[in-house]
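Visitor: starting from these lines, generate the structure:
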Amino acid sequence: MFDLSGRLAVVTGARRGIGLAIADALAAAGADIVAVSAQLEHEGSEVARRVTRHGRHCEVRAVDFARRDAVAGLAAELTRRHRPVDILINNAGTIARAPAAEHSDEDWDRVLAVDLTAQFVLAREVGRAMLARSTGKIVFTASLLSFQGGITVPGYAAAKSGVAGLTRALANEWAPHGVNVNAIVPGYIATDNNQALRDDARRNTAILDRIPAGRWGTPADLAGVAVFLSSAASDYVHGALIPVDGGWLSR
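Guide: Numbering: from 1, shown residues only. Sure, this is the predicted structure:
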């Protein structure tokens, strides 16, 4: 049920962190990968090294998800391919930290563009091709802030709340046509995006005190759920937001 042999998966935000771990896991399960990230190296990337280590094929694309034309260009390329996209992991994201009263329009626009608008555009275009074939898996990366408000990240909280709603909306429309749309909800996963939180002793302690598992997660903790949502094992799973959070939301 979890075998992805012969499948083609597009993983955005694949240069590091969560996206890198998911690309690695999907390749280990048999998928070939199109890895996409804003600053992804054309040669010698870590994601390509990991994917090829599993004997799978890896293509890399450098795409700035803050640019609508760049996202549209990627979508057009993916839908023109002779080999169709079977799995879309919509993971690319960014964050801007500032108190709401000081959160600039520029930061708001950039975060919403990368974390929500680009996700919709890519899902719409790739999803349209999946609908035509009556098969496909789309997996978004949501957030704990899809459920909570967070502190000093209003743009990110708004975008990730939008991702939760978008996941359900697309699932409602596309489930009858054989396309699964779901989301992974990472908890506090140790990545570059939250290095500032881990470096803040007070915040770090407060976070750890609330996580029943007693530790920050790692990107590899998301691998199993990503493979599940990309495989036949999840064929009757639609519109789900699955937390991988060490128990944070149940606290």
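
Visitor: tell me what the least confident helix or strand in the chain by mean pLDDT is packed against?
Guide: Least confident helix or strand of the chain, by mean pLDDT, DSSP states H and E, is helix 195-199 with a mean of 85. Applying 3 or more C-beta pairs under 8 Å, 6 or more residues apart in numbering; DSSP states H and E, one finds that helix 195-199 contacts helix 201-210. (Glycine included, C-beta is placed from N, CA and C.)

Visitor: what is the subsequent helix or strand relative to the helix it packs on?
Guide: helix 223-230 (DSSP states H and E).

Visitor: give me the distance between residue 50 and residue 15.
Guide: As judged by C-beta to C-beta, to the nearest Å, residue 50 and residue 15 stand 11 Å apart.

Visitor: circling back to that earlier point, might you calculate how far the least confident helix or strand of the chain sits from the centre of the chain?
Guide: 21 Å (C-alpha atoms, centre = their mean, to the nearest Å).

Visitor: just stretch 197-205 next, same as before
Guide: Put simply, stretch 197-205 sits 25 Å off its chain's centre (C-alpha atoms, centre = their mean).

Visitor: cool, stretch 225-243 as well?
Guide: Centre to centre, stretch against its chain (C-alpha atoms, centre = their mean), the figure for stretch 225-243 is 13 Å.

Visitor: what sits up against that stretch?
Guide: Stretch 225-243 is contacted from outside by 1-4, 7, 9, 21-22, 25-26, 29, 31, 87, 89, 137, 139, 142, 144, 146, 164, 167-168, 171-172, 175, 180-185, 187, 244, 249, using C-beta atoms under 8 Å, 6 or more residues apart in numbering.

Visitor: for residue 73, which non-adjacent residue is spatially closest?
Guide: Using C-beta to C-beta, 6 or more residues apart in numbering and skipping residues adjacent in sequence, the residue nearest residue 73 is residue 63, 7.7 Å away.

Visitor: I figured the one you found was touching residue 75, is that so?
Guide: No - taking contacts as C-beta atoms under 8 Å, residue 63 lies outside contact range of residue 75: 9.9 Å.

Visitor: distance check, residue 235 against residue 14.
Guide: 25 Å.

Visitor: in terms of neighbours, single out the busier of the two.
Guide: residue 14 (33 against 12; other C-beta atoms under 10 Å).

Visitor: ok, now which ones touch the more buried one?
Guide: Counted by C-beta under 8 Å, 6+ apart, residue 14 has contacts 20, 22, 23, 33, 35, 36, 37, 40, 47, 91.

Visitor: can you check residue 54 too?
Guide: Remark: with contacts taken as C-beta under 8 Å, 6+ apart, residue 54 is in contact with 24, 27, 28.

Visitor: kindly recompute the last result at 7 Å.
Guide: 27, 28 (C-beta atoms under 7 Å, 6 or more residues apart in numbering).

Visitor: quick check: longest strand of the chain.
Guide: The longest strand of the chain (DSSP state E) is strand 179-186.

Visitor: name the helices or strands packed onto that one?
Guide: helix 118-133, strand 136-141, helix 154-174, helix 223-230, strand 241-244 (3 or more C-beta pairs under 7 Å, 6 or more residues apart in numbering; DSSP states H and E).

Visitor: what about the third one, average pLDDT?
Guide: Summarised as a single mean, pLDDT over helix 154-174 is 98.

Visitor: residues of it that come out buried?
Guide: Within helix 154-174, the residues scored as buried using 16 or more other C-beta atoms under 10 Å are 154-164, 166-168, 170-171, 174.
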